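Participant: Output the structure for:
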Amino acid sequence: MTDAISFEVPWARTDKFDPPAVFDTLREQRPLARMRYPDGHVGWIVSSYELVREVLSDPRFSHSCEVGHFPVTHQGQVIPTHPLIPGMFIHMDPPEHTRYRRLLTGEFTVRRTSRLTAHVEAVAAEQIEVMREHGAPADLVGTFAKPLVLRVLSAMVGLPYEERDRYLHAVTLLHDAEADPAEAAAAYEQAGAFFDEVIERRRKQPEDDLISTLVGHEELTGEELRNIVTLLLFAGYETTESALAVGTFALLHHADQLARLRADPTKLDAAIEELLRYLTVNQYHTYRTALEDLTLHGEVIKKGDTVTVSLPAANRDPAKFECPAKLDIDRETSGHVAFGFGVHQCLGQNLARVELRVGLSALLRAFPDLRLAVPADEVPLRLQGSVFAVKNLPVSW
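Facilitator: Numbering: from 1, shown residues only. From the prediction side, this is the model:
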């Protein structure tokens, strides 16, 4: 194919629950297209299910930020990427990536995360009481989704929730494409300094948390520990919180699907997988760099080119999912890529599923008449960022 004029990262949505409409056209006509990032550099965007999985499983594409341009959703760089950050294994290739991931895999298995169910249920029950004490209408994001996910993740990692003001601001800014890069970078450094403090506390007095487990690995430096903690928090909080809030929003908006779920609660696991597919909140933060010149779908990808894959677009591909724009909790959703694909597939996906399952179940059980307190079109969305989210979600019951 001949080179095409690149377009800028698409943010605008025709419908609140659908990815930008341009992806439907691209997927059909040019599933591998040129795209210009907010900081000005030009790379590629992949929009079909088949090509997304191909890129994410092809060893000729690297996730190491040392070999290419770090594609940012901000106007400027926030997190330093050169030289390679010790412990920030999401931006590494095997075998370095494998070494770090093996240290953590056992903490995120289905069996291990299932043991957390009772704790998640207790936290959910407490947040339900917060909602009741507040009274209707209440913001489901601020009173339930955010505190539930942050409390669970913080406890698992070992970060004191009561000191969340020292690290939460950084997470919020790093996922917001409209945030000032300098402010986000400063908040990132401040959060890292706090993580160093907590790591030292655990060295002196270990507890039953992930940081205490990691400090027992003497081969890990303080810098590596700091960056592993940073990665776990930044990757595991906003994504799951947004999936829970937006997922609840979608169910409240699709009354027929909510009624089917209430009538048969055994459909909850299937409903969660369908919501993950249908909504896929991870927008543009899944990318690779070509390690060599190669041809993909008739296009010549040059060594060093950035290739971003659109997980939301892949999960709306009609070649994989029938009537993909329809929310259907009875759908067979196996194979969706909401958590990515390949060796970098989301480490914390089992924990996320527990949080979503417990969170949705608690809401539906506690509030049989849970409903939107404002028209759906008045719910404020955060479109520009690595994670699609609702800023707040007013509900009544």
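
Participant: Could you say which helix or strand holds the residue most central in space within the chain?
Facilitator: The structure's the chain has its C-alpha centroid closest to T239; by Cα atoms, centre = their mean the separation is 3.2 Å. Using DSSP states H and E, T239 falls within helix 238-253.

Participant: in that helix, what counts as buried?
Facilitator: Neighbour-count burial for helix 238-253 flags 238-252 (criterion: 16 or more other Cβ atoms under 10 Å). Just so you know, the C-beta spots here come from the backbone N, C-alpha and C atoms, and that holds for glycine as well.

Participant: Kindly report the same for stretch 367-374.
Facilitator: Those buried within stretch 367-374 under the rule 16+ other Cβ under 10 Å are 367, 370, 372-373.

Participant: Repeat that for stretch 302-319.
Facilitator: Neighbour counts using 16+ other Cβ under 10 Å place 305-317 of stretch 302-319 among the buried residues.

Participant: what's stretch 374-390 in contact with?
Facilitator: Residues from elsewhere that reach stretch 374-390 (Cβ atoms under 8 Å, 6 or more residues apart in numbering): 11-13, 16, 73, 137, 141, 174-178, 238-239, 241-242, 245-246, 249, 253, 279-285, 312, 372, 391-394.

Participant: Among these, which ones are in helices?
Facilitator: 174, 238-239, 241-242, 245-246, 249, 253, 279, 312 (DSSP state H).

Participant: Could I get the contacting residues of the residue nearest to the centre of the chain?
Facilitator: Applying Cβ under 8 Å, 6+ apart, we find T239 in contact with 281-282, 352, 387.

Participant: just those residues now: which is nearest E107?
Facilitator: For these, the minimum distance to E107 (Cβ to Cβ) is 13.8 Å, reached by A352.

Participant: Was I right to think that closest one contacts A243?
Facilitator: Yes: in this structure, A352 is within contact of A243 by Cβ atoms under 8 Å, at 6.9 Å.

Participant: tell me the average confidence for the strand or helix carrying A124?
Facilitator: Secondary structure from DSSP H and E places A124 in helix 117-134. Mean pLDDT, helix 117-134: 98.

Participant: Can you verify my assumption that E50 contacts P318?
Facilitator: No: if you go by Cβ under 8 Å, E50 and P318 don't touch, sitting 12.0 Å apart.

Participant: Please name every helix or strand in contact with the helix ranked longest in the chain.
Facilitator: Secondary structure of the chain read by DSSP H shows that its longest helix is helix 181-204. Judged by 3 or more Cβ pairs under 8 Å, 6 or more residues apart in numbering; DSSP states H and E, helix 181-204 is in contact with helix 168-174, helix 210-215, helix 222-236.

Participant: Between helix 222-236 and that helix, find me the angle.
Facilitator: Here helix 181-204 runs at an angle of 120 degrees relative to helix 222-236 (axes from the mean of the first three to the mean of the last three Cα atoms, to 10 degrees).

Participant: just the helices in the stretch 251-397 of the chain please.
Facilitator: All helices of the stretch 251-397 of the chain, identified by DSSP state H, counting those that start in this stretch, fall at 255-263, 268-279, 311-314, 349-366.

Participant: Of those helices, which stretch is the most buried?
Facilitator: Comparing those by mean neighbour count (mean count of other Cβ atoms under 10 Å), helix 311-314 ranks first with a mean of 27.

Participant: what helices or strands is it leaning on?
Facilitator: Helix 311-314 packs on helix 22-29, helix 49-57, going by 3+ Cβ pairs under 8 Å, 6+ apart.

Participant: For that helix, report the contacting residues that lie outside it.
Facilitator: Residues contacting helix 311-314 (Cβ under 8 Å, 6+ apart): 19, 23, 26-27, 46-49, 52-53, 279-280, 282-283, 286, 320, 337-338, 340, 388.

Participant: now with 10 Å?
Facilitator: Applying Cβ atoms under 10 Å, 6 or more residues apart in numbering, the contact partners of helix 311-314 are 10, 18-20, 22-24, 26-27, 31, 45-53, 56, 277-286, 320-321, 324, 336-341, 388.

Participant: Now that we have these, which of them are buried?
Facilitator: Buried among the contacts of helix 311-314 (16+ other Cβ under 10 Å): 10, 18-20, 22-24, 26-27, 31, 45-49, 51-53, 56, 277-286, 320-321, 324, 336-341, 388.

Participant: show me what contacts V229?
Facilitator: Counted by Cβ under 10 Å, 6+ apart, V229 has contacts 87, 157-159, 167, 191-192, 194-196, 198-199, 210-211, 214.

Participant: quick check, nearest of those residues to A259?
Facilitator: V157 (37.5 Å).

Participant: Hmm, the closest one is touching A235, no?
Facilitator: No: counting by Cβ atoms under 10 Å, V157 stays clear of A235, with 11.2 Å between them.

Participant: what bits of this structure have low per-residue confidence?
Facilitator: 1-5, 70-83 (pLDDT under 70).

Participant: quick one: contacts for N392?
Facilitator: Listed by Cβ under 10 Å, 6+ apart, the contact set of N392 reads 138-143, 245, 374, 379-380.

Participant: next one: E200
Facilitator: By Cβ under 10 Å, 6+ apart, E200 lies in contact with 215, 222, 225.

Participant: So how do I select the buried members of these in PyMOL?
Facilitator: This is how PyMOL selects the buried members of those, with burial counted by 16+ other Cβ under 10 Å:
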select buried, resi 215+225
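
Participant: For E183, give its distance to D176.
Facilitator: 10 Å (Cβ to Cβ, to the nearest Å).

Participant: How about A250?
Facilitator: 22 Å.

Participant: Could you do N350 as well?
Facilitator: From N350 to D176 the distance is 27 Å (Cβ to Cβ).

Participant: ditto for G385
Facilitator: The gap separating G385 from D176 is 5 Å, by Cβ to Cβ.
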